[in-house]
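**Q** just coords:
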């Protein structure tokens, strides 16, 4: 998985030198869920990476799809490139305007108020298996 991400990022950085990919959490190959960082038990097994959405101001930092610093065009290009990789199974991200992503199921409470959503501020990229691991 890491090799696939590095290879993809190398090509991305050639085409977008001012907008590098920000990788947050990587799951550990063969590892159990990290309950401290992911209370829902996610990211086990070495096949999941968290990636920041792209910003429109060349700052290397967090954003979310509702923020004025968010770049839809760059994030959409990033997501479509990731989804084109043969080993990527899914990309979880809550922007409803980006095609091909999986959105969080529980985004609203029973009164219609938006819940604070985890995948508003990062992409959760899931690979099919732990590529290149023994």
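**A** Structure received. Source: prediction; values computed, not measured. Numbering: from 1, shown residues only.

**Q** so residue 23 bridges to which residues?
**A** Applying DSSP bridges to residue 23 yields these beta-bridge partners: residue 51.

**Q** which residues of this structure score low on pLDDT?
**A** For the chain, applying pLDDT under 70 flags the ranges 28-45, 106-108, 113-117, 129-134.

**Q** Quick one: the helices in the protein, in order.
**A** Assigned by DSSP state H, the chain shows helices spanning 2-15, 72-83.

**Q** Can you say which of these is packed in most?
**A** Mean neighbours per residue, mean count of other C-beta atoms under 10 Å, is largest over these for helix 72-83, with a mean of 18. C-beta coordinates here come from the backbone N, C-alpha and C atoms, glycine included.

**Q** what's the angle between it and helix 2-15?
**A** Orientation note: helix 72-83 sits at an angle of 140 degrees relative to helix 2-15 (axes from the mean of the first three to the mean of the last three C-alpha atoms, to 10 degrees).

**Q** what's helix 72-83 in contact with?
**A** Contacts to helix 72-83, defined as C-beta atoms under 8 Å, 6 or more residues apart in numbering, come from residues 8, 12, 16, 19, 21, 51, 53-56, 65, 88, 91, 93, 95, 97-101, 123, 125.
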